[in-house]
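>>> Give the three-dimensional model of this entry:
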Amino acid sequence: MNKRGWLVVFILIVLAVIFWNMRFLGLSVINTTSNVTVGDVNFPPVLGSINSSLYTCEDERFYSEFGASDADGDALEGSISPQNPFFVFWISQSSPNDNIFAIVSGPLTKSDAGGVNTGWKVHQENITVDDLFNSTCCRDTAQTNITVIEINHAPVIEDVGVQTIYTQGDNSTFYESMGYDDLEYNLNYGNITFNISFNGATELFNISSGGVINFTANSSTPIGVYNITLCIEDYGLTNPHQNISGVCGQTGGNLSACDNFSLTVTNENRPPNITAYYPSNLTFSTGSTADLNFNITKEDPDGTIPDAYWFVDNVSKEYDSGSSIDNFIYNFGCGVSGAHTVRVDITDGLANDSLQWNITVSGVSCSTPGVGGGGGGGGGSVSIGNFQVEPEFIATSVLQDEGKSFDIKIKNTGGVGIIIKLNKSQNLSDVALLSEEEISLAADEEKTVRLYLYALRSQAPGIYFGKILVGEGAIQKSISIVLEVKKREALFDIAVEVPDEYKIVYAGDNIKALINMLNVGLYGTAVDVELYLYIADFDRLILYETSKEVLAVKTNLTVERDLYVPGTTPSGTYLVIGEAKYQNITVSTFDTFNVQERKYVRVSLIFMIAIILALIIFILFMLWKRRKDKKERGYDREP
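The predicted structure follows:
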């Protein structure tokens, strides 16, 4: 073969190699008898580094970020298989070509760790990012093993409380069947052992292997106050994971819990007394958001340190033990008013004393600042009682199989430590995860809890809204949540907008809403669309709704509608939700507006009072003037 022939063969080989690799680049190759057409080049996405072995612990919420890049700047979809307990959420876009995703989970259970006393469970997961170019191109995949390590839960022991018995007669027997709780024992693993000590004093009794104390005093029992420590201990895990200490901060070994209480043995019991208290005035008034500080000093003639039980409106709020001075801090919270009580009862186990404060509470409004329309955002912070929460409104939208995260900042603004609990409304349970559901805050401490709003691939498109309740005792703050879930390939779309001039209205007013409907994928064919509009609050209470309206939409249609805000609507933030239905397709969207308290009624009342006062002054002036004129003319002189 001559040189020209070898050159032709070489060129053909090069072209064959190029065409062969085009399919891996997402190229469209069409072979015909007359030409070859090469489509636009699509570069596949590339996963960033993902550790092949990841570790987490039972009870924890897993969170691990990873990156993915796409040279074309395409929107990427992340997924994990199998799902549950782990999910993949899109978090952010750090640059046009770079995305951040996260593998997350809710609180991991004993089952996620393989069951009781199994030690651990390895979840083999496939992570994928896809640019959705077509059904076969283009994506990148990596595998990781997520090991959920089982932990041993410490037992929880019941408070015995202060006890008093006589040396004879009635009330001379101390009987206690210890209450306790242990997760592993409840799941039929291990056992619980009991231990009791009298802290250097004479040991009066023991505790049975089943946790029962049954002791009857008699005339030979030494009288006095016995300080007793009662402990229970569980069994540790027999097969702990080798990394349990470094990852979970425990060895998996035996754990115990103890309770201290006092037992007074006496011939003649004398009742305890509250000897001093604050506030010294047992009847007073306060604003509902003020921190109220109560304290008492107590004593017992027999040497017992009485227990104290605090009640608000006859509901138990706090238990104090082991100190002669007890403190209680309470805040009624915004929107609370009227007559209320705070009561403290003290006891030595037999005899009691009590004190009650009668409080008139003036309500402070739970005002919520205005927020923008659908599609995103959050802001504002409100301090209620002894803690502050930020933001108080979060609104966003996600596509199916996508998620976003938000930070909730909680600060203790009081002078003592508190425990804050977070709960999401039932209707948010399938679209929201909290990184923590309970946190403890020292005085002036601030912590951040992460909220994930997400939609699984199977999640129905629509508007999901509700509240995250953040509270300490009776003091509650709610964060309003709106999540709009959209289809990735929508054939129809709708947008609802409340014009700026109707963003703040009064109860009893009408508001206007602009509704724009877009026929995206039905190729200009006029279709009959059912339109529904309604006003709702964040407790999902519908305040007003329109009747079904059928509209023909060919490409784009914008209509304006009036909605009525009922006259009894409290001040706050509300949603205008629009739903458009075409055959089996339903799409929805929202916007927000605020209802304010009417103030012109007060202004009118003040104005009327001013007019009446002016009229009275004028009448008195005229009577005075008339009397003066009579005197000057001599009408008031006696004959």
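
>>> contacts and neighbour counts: CA atoms only from here.
Noted.

>>> does Leu518 have beta-bridge partners, and which?
Beta bridges link Leu518 to Asp493, Asn556, judged by DSSP bridges.

>>> Same question for stretch 479-496: list its buried residues.
479-487, 491-496 (16 or more other C-alpha atoms under 10 Å).

>>> So which of those residues sit within strands?
Among those, the members falling in strands (DSSP state E) are 479-486, 492-496.

>>> about what we covered before: farthest-separated two in the buried residues of stretch 479-496?
Taking C-alpha to C-alpha as the measure, the buried residues of stretch 479-496 span a maximum distance of 32.9 Å, between Ile479 and Leu491.

>>> quick check: mean pLDDT across stretch 593-601?
Per-residue pLDDT values over stretch 593-601 give a mean of 72.

>>> contacts for stretch 231-248?
Outside stretch 231-248, the residues that touch it by C-alpha atoms under 8 Å, 6 or more residues apart in numbering are 55-57, 117-120, 149-152, 154-155, 157, 182, 185, 190-196, 250-259.

>>> Show the buried residues in those residues.
For these, a neighbour count by 16+ other C-alpha under 10 Å gives the buried set as 56-57, 117-120, 149-152, 154-155, 157, 182, 185, 192, 194, 196, 251-253, 255-259.

>>> Would you check that Ser435 makes contact with Gly106?
Yes - Ser435 lies in contact with Gly106 (C-alpha atoms under 8 Å); the separation is 7.3 Å.

>>> got any residues that touch both of these two?
Residues touching both Ser435 and Gly106 (C-alpha under 8 Å, 6+ apart): Arg61.

>>> just the buried residues of stretch 479-496 now: which is nearest Thr555?
The closest of the buried residues of stretch 479-496, once distances to Thr555 are taken by C-alpha to C-alpha, is Phe492, at 9.7 Å.

>>> Ser94: neighbour count?
Close neighbours of Ser94, defined as other C-alpha atoms under 10 Å, add up to 11.

>>> That one: helix or strand, and which one exactly?
Applying DSSP states H and E as the criterion places Ser94 in strand 86-95.

>>> Tell me the first helix or strand C-terminal of that strand.
Per DSSP H and E, the first helix or strand lying C-terminal to strand 86-95 is strand 98-107.

>>> residues in contact with stretch 417-434?
With C-alpha under 8 Å, 6+ apart, stretch 417-434 has contacts from 106, 412, 436-443, 449-455, 464-472.

>>> quick one: terminal-to-terminal distance for it?
22 Å (C-alpha to C-alpha, to the nearest Å).

>>> ok, now stretch 386-404?
From its first residue to its last, stretch 386-404 covers 30 Å (C-alpha to C-alpha).

>>> ok, which stretches of the stretch 251-400 of the chain are strands?
256-266, 273-278, 283-287, 292-299, 307-312, 315-320, 325-330, 338-347, 352-362, 382-384, 387-390, 393-399 (DSSP state E, counting those that start in this stretch).

>>> closest one to Ser69 among those?
For the strands of the stretch 251-400 of the chain, proximity to Ser69 was assessed by C-alpha to C-alpha; strand 393-399 is nearest, at 19.0 Å.

>>> follow-up on the earlier one: just the buried ones among the contacts of stretch 417-434, please.
106, 412, 436, 441, 443, 449, 451-455, 464-468, 470-472.
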